[in-house]
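A.B. asks: Sequence first, then the predicted structure:
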Amino acid sequence: MSDARPADRVTLAAIAAEAGVSLATVSKVLNGRTDVAPATRSRLEEHLAQHGYTRRAAKQRSEFVELVFHELEPSWSMEVIEGVEDVAHAAGLSVVLTVSGDRHQPGPEWIDGVLRRRPVGVVLVFSDISVRYRDKLRASGIPFVVVDPAGDPSPDVPSVGSANWSGGLMATRHLIELGHRRIAAITGPEDMMCSLARVDGYRSAMNAAGLPIDPALIRYGDFHPSGGEARARELLALDDPPTAIFAGSDLQALGAIAAGAAAGLSVPEDLSVVGYDDIALARWMSPQLTTVHQPLRRMGEEATRLALRLADGGTADTLRMDLATHLVVRGSTAPLAASPV
């Protein structure tokens, strides 16, 4: 029997058009590539079989999305993890969790490992990813998206972030409306764009209210409780200490409240504190924490949806998605107490 293709056999381009996907996606399925969403792969395999095409057996079939952090801070990371898992599981995929590198990008050992594992897609919780890593992932057909609460990825990197400047503005405006004038800001590391954006929002709110910005009231921390406590101790030791603190993370806010207690101050009677992130712990602290809600879970969801869309041969409507933040008022802020006469 001849192996020649019948003259009336449907072309791969026609199958791609019929299935509503790109020719590249059809080629990936036909050649056993693993970087195609399961539902799309199954649908295309049916089309290919109907028209006499047989998919080559894949040497290794991946059925997972890889999620990469530089560190796992349980109260914060779980929000992102749950968002990624929800979307991945709905697509019939598992999630593999990897810890590598620093806050800027994964370590050099990671790129070789992910190329061997060949996940359907990668979600990275980093400030950016180097050109060299991007090129290797793209050459291997592994789509990637950066979840960006901490940085400002290159323009050609698909990313999901949040409105950090607006968050800083809302937090500071809330304290101003309560009558506070000596308002301090403890933001994150100076080399992280989100830290700078949040403190820029703080400055904008102070300027709009006609309040002076005292450089001594702006401190850079590390987003952890210990850093928040250390910076707050410095602020509260000033000759003219603040009556309110905007902390660039809920964990730093927790540290600031501890520093206030050590100085004999009660929150919110003597010191108002606003956090950032709205992690689950914010609702269980005493007092409950007024904070800026950053949609961490939804950021994980949207990043995973985009990674799967790219794996399916689709394109991004926009490479940069910034989700809205909003203020959640609870018990750690109060009107400025009147000075004793």
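C.D. replies: Arrived safely, thanks for sending. Numbering: from 1, shown residues only.
A.B. asks: from here on, contacts and neighbour counts on C-alpha atoms
C.D. replies: Will do.
A.B. asks: Flag every buried residue along the one helix or strand M206 maps to.
C.D. replies: Using DSSP states H and E, M206 sits within helix 193-208. For helix 193-208, the neighbour count (16 or more other CA atoms under 10 Å) marks 193-206 as buried.
A.B. asks: In terms of residue numbering, what are the domains of the protein?
C.D. replies: 12-51, 64-162+296-322, 164-294 (the TED database).
A.B. asks: got any ranges where the stretch 201-341 of the chain has weak pLDDT?
C.D. replies: Counting by pLDDT under 70, the ranges of the stretch 201-341 of the chain that qualify are 338-341.
A.B. asks: now the strands for it?
C.D. replies: Counting by DSSP state E, counting those that start in this stretch, the stretch 201-341 of the chain has strands at residues 218-220, 244-247, 272-277, 290-293, 320-323, 326-328.
A.B. asks: Parallel or antiparallel, list what pairs with the longest one.
C.D. replies: Here strand 272-277 is paired, per DSSP bridges, with strand 244-247 (parallel), strand 290-293 (parallel).
A.B. asks: can you give me phi and psi for the closest residue to R181 other than its chain neighbours?
C.D. replies: Spatial nearest neighbour of R181, excluding adjacent residues (CA to CA, 6 or more residues apart in numbering): L211 at 7.0 Å. When read as degrees, to the nearest 10, the backbone of L211 gives phi -100, psi 140.
A.B. asks: Just give me the neighbour total for L211.
C.D. replies: The number of residues packed near L211 is 14, by other CA atoms under 10 Å.
A.B. asks: Could you do the one 4 residues further on as well?
C.D. replies: For P215, the number of neighbouring residues by other CA under 10 Å comes to 9.
A.B. asks: Look up how far I186 lies from it.
C.D. replies: As judged by CA to CA, to the nearest Å, P215 and I186 stand 12 Å apart.
A.B. asks: tell me which residues of stretch 317-328 are tucked away?
C.D. replies: For stretch 317-328, the neighbour count (16+ other CA under 10 Å) marks 320-321, 323, 325-328 as buried.
A.B. asks: Same check on stretch 80-95?
C.D. replies: Neighbour-count burial for stretch 80-95 flags 80-88, 91, 93-95 (criterion: 16+ other CA under 10 Å).
A.B. asks: backbone phi and psi for L238, please?
C.D. replies: Dihedral angles for L238 - degrees, to the nearest 10 - are phi -70, psi 160.
A.B. asks: likewise V122?
C.D. replies: Torsion angles at V122 (phi, psi; degrees, to the nearest 10) stand at phi -130, psi 130.
A.B. asks: how near is it to S100?
C.D. replies: On the measure of CA to CA, V122 and S100 end up 13 Å apart.
A.B. asks: Comparing the two, which residue is more hemmed in?
C.D. replies: Higher neighbour count among V122 and S100: V122, with 26 against 16, using other CA under 10 Å.
A.B. asks: How about the contacts made by that one?
C.D. replies: 65-68, 142-145, 304, 307 (CA atoms under 8 Å, 6 or more residues apart in numbering).
A.B. asks: Could you do L93 as well?
C.D. replies: Counted by CA under 8 Å, 6+ apart, L93 has contacts 38, 63-65.
A.B. asks: give me that answer again for 6 Å
C.D. replies: Residues in contact with L93 (CA atoms under 6 Å, 6 or more residues apart in numbering) are 63-64.
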